[in-house]
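Colleague: Predicted structure and sequence below. I'll ask about it afterward.
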Amino acid sequence: MSDCTSSLITFADRIFVAGHLGMAGGAICRALQRRGFSQILTASRSELDLLDGLAVERWFAQHQPSVVVLAAAKVGGIHANATYPADFLLENLKIQTHVIETAWRSGVRRLLFLGSSCIYPKFAEQPIREEALLTGALEPTNEWYAIAKITGIKLCAALREQHGFDAISLMPTNLYGPGDNYHPTNSHVLPALIRRFHEAAERADASVTCWGTGTPLREFLHVDDLGEACVFALEHWQPTADQLQHLNVGTGVDLTIRELAEAVAEATGFRGTITWDASKPDGTPKKQLDVSRLAALGWRARIPLRQGLRDTVRHFRDQLDQQLIRL
C-alpha cells in the first residue's frame, strides 16, 4: 500500500457526510472539524431520505459535494437483525446504491464507504486480515447486514476498476462512544451493557443477568478514534490497482464479554453480582481485526478502553439528564 506526502483532500473540498446524526457520522464530522475542514455538508432524514434515489440525485445536483463519506446505515444488534432481516438487507442496499452511484455519476472526486467487521466469515482465522472477505460462511445472527455491507465494498471496488472512481472502504470493529443507541433490545452489546448496569446501579440491584456465556472475545474501538481514522484515510490512503480497496480499523486488542461486563460494572458503579444466561446466543466466538495495514500507513487507535468507557458512561448519563437518549 502506498502512502502520500500531500493530502488527497483539501480544505476547499465540499465534504458530504451521509449519516451525520449517527454515532459514526457524528464522530467523522468532529474529526473533520478538528482537522480544519469547514465545508462539511450534512442532511437529516427529513431533509434527504437516502432511500429515495431521485431525492439523492436532486440533492447532489443542488449541493455538489466533491468528497463523500457514507456512514449512513440501518444498524442494530442480534435481536434487531433476527427480527427485521428484510429491512436490514433492503434499506442498506438502497442507501449504499443511491449514494455511491450518484456520487460517481455526479463527478464526486473521492468517496469513503464505512463498512463493518461483520463482513468477515464467522470462523475466519484470527486476527482477521482483509483477505478473509468471502472465504467462508457468515455469522448467522447478522448475515443480512453483512451481505449488504459486502455489496457496498464490492460496488466501490467495481466502480474503481471499471470507471476509475476513487472509492475506498474502511471496516471498523465494534464501536462505542457518544451518539450510540441504548435501546434495551435493539442495541449492540456494549451500549446495552452500559444501560443495563447503569439502571441496576441506580436501583441498587443485587445482580445483573447478561446474555450468553461471557466467553466470546470482542474488540472495541472508541468512535472518535474511528473518526480520526476516516479523516486519515481520506487524506493519505490511495490503494493501487493491485491492492485491496478496504482496510480494517480497530485497536488490535480484544477481551471477553465477561471482562467487558466487569469493566462496565466498574464504570457505572454497579456493586452487585453478574450472572450469565447460557440459553441466549453468544454470536461469533472471537472477532479481532488485523490492523497492521492501517498501522503501516501511520495510524493507530489512541483511546484506551477503560478511559473510553468512563467517558462514554458520563456522556450517557448527561444525555439521560437532558432526555436525549434515543429509545
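Modeller: That came in fine, so what should we check first?

Colleague: Report the buried residues of the least confident helix or strand in the chain by mean pLDDT.
Modeller: Within the chain, no helix or strand scores below helix 78-83, which has a mean of 81 by mean pLDDT, DSSP states H and E. Within helix 78-83, the residues that qualify as buried are Ile78, His79, Ala80, Asn81, counting by 16 or more other CB atoms under 10 Å. All C-beta atoms are positioned from the backbone trio N, CA, C, and that covers glycine.

Colleague: closest to Leu260 among these?
Modeller: Within the buried residues of helix 78-83, the smallest distance to Leu260 is 15.3 Å, found for Ile78 (CB to CB).

Colleague: Skip the chain neighbours and tell me the closest residue to the closest one.
Modeller: The shortest distance from Ile78 to any residue other than its chain neighbours is 4.6 Å, reached at Thr141 (CB to CB, 6 or more residues apart in numbering).

Colleague: Does that neighbour touch Ala80 like I think?
Modeller: No: using CB atoms under 8 Å, Thr141 is not in contact with Ala80; the gap is 10.1 Å.

Colleague: circling back to that earlier point, just list what the least confident helix or strand of the chain packs against, helices and strands only.
Modeller: Helix 78-83 is packed against helix 143-163, with contacts defined by 3 or more CB pairs under 8 Å, 6 or more residues apart in numbering; DSSP states H and E.

Colleague: what's in contact with the helix it packs on?
Modeller: Applying CB atoms under 8 Å, 6 or more residues apart in numbering, the contact partners of helix 143-163 are 70, 73-76, 81, 85-86, 88-89, 92-93, 96-97, 100-101, 104, 111, 113, 115-116, 118-119, 133-134, 138-139, 165-169, 171, 241, 245-246.

Colleague: That helix: what's the following helix or strand?
Modeller: For helix 143-163, the following helix or strand on the C-terminal side (DSSP states H and E) is strand 167-172.

Colleague: Model confidence for the residue lying farthest from the centre of the chain, exactly?
Modeller: Largest separation from the mean C-alpha position in the chain: Ala206, at 33.9 Å (CA atoms, centre = their mean). Listed pLDDT for Ala206 reads 97.

Colleague: Same question for the one 10 residues further on.
Modeller: Looking at Pro216, its pLDDT reads 92.

Colleague: so who does the nearest residue to it once chain neighbours are set aside touch?
Modeller: Among residues not flanking Pro216 along the chain, Asp282 sits closest, at 4.8 Å (CB to CB, 6+ apart). Taking CB under 8 Å, 6+ apart, we find Asp282 in contact with Trp211, Gly212, Thr213, Thr215, Pro216, Ile257.

Colleague: Can you pull out the low-pLDDT segments for this protein?
Modeller: Under the criterion pLDDT under 70, the flagged ranges of the chain are 1-5, 186, 326-327.

Colleague: Would you map the helices across it?
Modeller: Taking DSSP state H, the helices of the chain run over residues 23-35, 53-63, 78-83, 85-105, 143-163, 189-203, 223-236, 257-268, 292-297, 305-321.
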